[in-house]
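J.: Build me a model:
(3 chains)
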Amino acid sequence: MTTVIMRTTARAVVPIILVVALSLFVEGHNLPGGGFIAGVLTTTAFALLYIAFGLDFLERGVLGRDIEPGKTPSRDRVVIAYRRVFSFGLAISVASGLVPLLFDLPFLSQTYVEFENVPLYGHLELASALAFDFGVYCVVVGGLLTILSVVGAE
Amino acid sequence: MTAVVLAAVVGSLFALGTFLLLRRDLIRVVWGLAIIGQAANVYLLAMGEIAPASFEAVPILAGHGEEASHAQTADPLVQALVLTAIVISFGMTAFALVLSYRVYEEHDTLDLSELGDQD
Amino acid sequence: MDGLVITPMLVVLVAAVGTLLFRRQPRVRLAVSLSGAVGYAVAVAALAWYVVIAPAAPGIATYQVGDWPAPFGITLVADGLSVFMLSMVATIGPASLVFSARYLPKYDRRTFYYPLSHFLLLGVTGAFLAGDLFNLFVWFEVMLMASYVFVAYYGGPQHTRAAFWYVALNLVASAVFLLAVGGIYATTGTLNMADIAQRLADPAAAGIDPAPVVGLLALLLSVFAIKAGLVPFQFWIPTAYRAAPPPITALLAGASKKVGIYAIIRLSFTVFAGAQVPVSLPWVSGSSPLAFVGPILFVMAAGSILVGGLGAVGRDSVEGVLAYSSIGQVGFIAIPVAIAATTSSPTLRRVGILAALVYALNHTIAKGLLFLAAGTIESATGTTDLDELGGLAGRSPALSSAVFVGTLALVGIPPLSGFFGKLLVFDTAVRAGAASVLALLLVGSLLTIAYTSRAWNRGFWGVRTPAVEDAAVDPIQVAILVGLAAAILAVGVEFESVYRFADAAATAALDTESYVEAVDPQAVNGGEQP
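T.: This is a model prediction of the structure:
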């Protein structure tokens, strides 16, 4: 699939997907969106990269590392990083749920603060659910990319 | 009218899923499982109702999105349920696919009649 | 103090994440896992003390996750029934986790074992505490996801195939569960169990027609019967139990299975019993959905007792015998539930549930002990095939006596916990005046004696085989088994307090009113203005 058309399209589309994912992630506490769907979209961007440039692209092309040809893909450093993102995300989600307990509120309680007159932005609303969502985002991205790169390599 | 269409969709999805579930090819079986899961999701979505928005029916509107309070709202509960169910069935289908890949690696076939059922 | 309700879940959740984070440091990971196990037992004990045992205990406690009020938010409810089930899990869960620490070193490279076993525990705990139907579904799935991976744990053709059937069956079951959830939502306009019970008890005030509930309950019943492994949904049990690692099988048989039983009791008796739906089918009639549940459950239970007993007599491996035996034992648990559903006398109903709970407690500890023992035998001798075993009694007296106690508890010899379980089940049947049920229970008990004595004779007595001669029995594994055997004995000796606990659980299962009152769903008709 590494045709010129495919590569050119991927170059144009991947940044757009990432921006859309980011916007879905940020507004997820209030509007349609959230960690899960943003994570899935981000994964799609990575999948597109894999399809257009090959499975080694991230490790060799972006990170500039040499890969040994014969080794199993699950030992790839990128895959290890994905797994780490997964555990990290799970830890963040759980921790963000535990924080309200410190304030004597029930598990998973959420709140939000609003800022007026923020430069450039005007009205800004910051929700504590964002931390939980970020954890979910990391879990989805890490989990899906692990599956994708390990299964894709076989 | 919508109800009839939805009923037909759910019905045919279940029929298709069951049909695939009974095939001999393992990949078809996984497809059947995925389709049955989706049929259940569509059904679940159809179980909601469209009601005039009120804080009683949709408590999350209180404090957020007041401008929606005069419009008709779709039932948010079924949507939340379906979202969760989709995530779960997505994960499960991926797992079933990986398993069938392993079955293929270990048996060199995906034909259920060749896999047999020996203990 | 209501925070105690969620503590067991938080403990295992944190332990699961901790074991995942420290997967590169085996010692730290083990420490996190073990302290999670101990913390779980402590948390459940504290919850049981607070809710049921303590003087002036409230009998029920609720917790609203995220501070959303009852019919909308996620409700966790710990009443007598939930706490009793949790206490059951709190005996076998930590035992299995500690056992794993000794059993697993050779497979230590698999990093996901500990996180997943904690997630399994989390799913079971969540299912027992869930106060609404959809969360019950979600916790079921959490539990199942972990168990899927464990069934496929060892790889190898047979196990992969077993895992595939298991996954396929449960995916279909999940879809059916979702159908039932959707139907109940469309019928009653809510999924909160207390709210459902409230609306079904007074359908006119809520403006609903409760008639579809009977069919939906039938869907739910089949889903839970799959989880519990009742005939005709028992076929996945032998292969799945053989494929999973023994400590996990102990958890699956001891804890996951009971979730099915718990869900049947909770939904049929606490939630749907109040609905006034005339049921008139051939041979079945009554005014509540229970009249429909009873006969079906009875047929399933009778089938389970026979299939499990006959199957176990013919097996040639320890796990095979145990797997079929647990099909039969679930039948014994379901019989009194069926009687309780059919009867109209409140006393008999309570006695039936009580018998089922006591029997379930016995089965959890005894069968957990025996599955763990199968693991010990396997790691000591390298086989669980009864043909290659023999003379274990002389080779390892401690292991053998623990297994002996477990077997006697299954058979039902006083003063072990199994005796009281069987006694109460027979008592329920006698009170119901059903001679045929008594005959069935007698046949089931005889089959139990047959397969346990057969397994015992072949495995533990007789000439020592080479495999047994070279066995290296792990002392700590045996210590855990002896501890569980002591628990079986303790339940029997201290039965009076166990009985009181179980009685409180049975009363709570039938007390819809205080359940609704504790959850206190502010009745709001979704969309329909009164």
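J.: Give me the spatial nearest neighbour of residue 144, chain neighbours excluded.
T.: Picked chain A for this. What sits nearest to residue A:144 in space, not counting adjacent residues and going by C-beta to C-beta, 6 or more residues apart in numbering or on different chains, is residue A:43, at 4.3 Å. Just so you know, the C-beta spots here come from the backbone N, C-alpha and C atoms, and that holds for glycine as well.
J.: The chain in question should be chain C.
T.: The spatial neighbour of residue C:144 that comes closest, neighbours along the chain excluded (C-beta to C-beta, 6+ apart), is residue C:170 at 5.3 Å.
J.: Just the strands from the chain, written as ranges.
T.: No chain specified, so I'll use chain A. Using DSSP state E, the strands found in chain A span residues A:112-118, A:122-127.
J.: Chain C is the one I meant
T.: With DSSP E applied, chain C shows strands at C:60-65, C:74-79, C:279-281, C:284-286, listed in chain order.
J.: tell me, what residue is most central in chain C?
T.: Computing the C-alpha centroid of chain C and ranking residues by C-alpha atoms, centre = their mean puts residue C:258 first, at 1.2 Å.
J.: Disregarding residues adjacent in the polypeptide, which is nearest to that one?
T.: In space, and not counting its chain neighbours, residue C:258 is closest to residue C:360: 5.6 Å by C-beta to C-beta, 6+ apart.
J.: pLDDT value on residue 8, please?
T.: As the question left the chain open, I've gone with chain A. Residue A:8 is assigned a pLDDT of 90 by the prediction.
J.: I was after chain C.
T.: 94.
J.: Check the one 4 residues further on too.
T.: The pLDDT attached to residue C:12 in the predicted structure is 94.
J.: re the thing from before, which stretch among the strands of chain C comes nearest chain A?
T.: Across those, chain A has its closest neighbour in strand C:60-65 (5.1 Å, C-beta to the nearest C-beta).
J.: Report the separation between the closest residue to residue C:238 other than its chain neighbours and residue C:249.
T.: Taking C-beta to C-beta, 6+ apart, and ignoring the residues beside it in sequence, residue C:238 has residue C:323 as its nearest neighbour in space, at 4.4 Å. Using C-beta to C-beta, to the nearest Å, one gets 8 Å for the distance from residue C:323 to residue C:249.
J.: ok, now residue C:206?
T.: In this structure, residue C:206 lies at 44 Å from residue C:249, with C-beta to C-beta as the measure.
J.: So which of those two has more stuff around it?
T.: Of the pair residue C:206 and residue C:249, residue C:249 is the one with more neighbours under other C-beta atoms under 10 Å in any protein chain shown, namely 29 against 21.
J.: Please report the confidence value the model assigns to that one.
T.: Residue C:249 carries a pLDDT value of 94.
J.: Against chain A, how distant is it?
T.: Spatial separation of residue C:249 from chain A under the definition C-beta to the nearest C-beta, to the nearest Å is 26 Å.
J.: Not counting sequence-adjacent ones, nearest residue to the most centrally placed residue in chain B?
T.: Within chain B, the residue whose C-alpha comes closest to the C-alpha centroid is residue B:38; the distance, by C-alpha atoms, centre = their mean, is 2.5 Å. By the measure of C-beta to C-beta, 6+ apart, the closest residue to residue B:38 outside its immediate chain neighbours is residue B:13, 6.3 Å from it.
J.: Can you spell out which helices and strands pack onto the host helix or strand of that neighbour?
T.: Mapping residue B:13 onto the secondary structure by DSSP states H and E places it in helix B:2-21. For helix B:2-21, the packing partners by 3 or more C-beta pairs under 8 Å, 6 or more residues apart in numbering or on different chains; DSSP states H and E come out as helix B:26-46.
J.: In the helix it packs on, which of the residues would be classed as buried?
T.: Buried residues in helix B:26-46, defined by neighbour count with 16 or more other C-beta atoms under 10 Å in any protein chain shown: B:26, B:28-46.
J.: Between helix B:2-21 and it, find me the angle.
T.: Helix B:26-46 runs at 160 degrees relative to helix B:2-21, counting by axes from the mean of the first three to the mean of the last three C-alpha atoms, to 10 degrees.
J.: Tell me the gap between helix B:26-46 and the middle of its chain.
T.: 5 Å (C-alpha atoms, centre = their mean, to the nearest Å).
J.: Same question for stretch A:116-135.
T.: A distance of 18 Å separates the centroid of the chain from that of stretch A:116-135, by C-alpha atoms, centre = their mean.
J.: same thing with stretch C:395-412?
T.: Computed by C-alpha atoms, centre = their mean, the separation of stretch C:395-412 from the middle of its chain amounts to 22 Å.
J.: CA atoms only for that stretch - export them in CSV, please.
T.: C-alpha atoms of stretch C:395-412 as CSV (Å, rounded to 0.1, in the frame of the first residue of the first chain):
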residue,chain,number,x,y,z
ARG,C,395,3.4,-39.5,50.4
SER,C,396,1.9,-36.3,51.7
PRO,C,397,-0.4,-36.7,54.7
ALA,C,398,-1.1,-33.0,55.1
LEU,C,399,-2.2,-32.5,51.5
SER,C,400,-4.3,-35.6,51.7
SER,C,401,-6.0,-34.7,54.9
ALA,C,402,-6.9,-31.3,53.5
VAL,C,403,-8.3,-32.9,50.4
PHE,C,404,-10.1,-35.4,52.6
VAL,C,405,-11.8,-32.6,54.5
GLY,C,406,-12.8,-30.9,51.2
THR,C,407,-14.2,-34.2,49.8
LEU,C,408,-16.1,-34.9,53.0
ALA,C,409,-17.5,-31.4,52.9
LEU,C,410,-18.8,-32.1,49.4
VAL,C,411,-20.4,-35.3,50.5
GLY,C,412,-21.9,-33.6,53.6
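J.: pLDDT (mean, whole number) over that stretch?
T.: With pLDDT averaged residue by residue, stretch C:395-412 scores 91.
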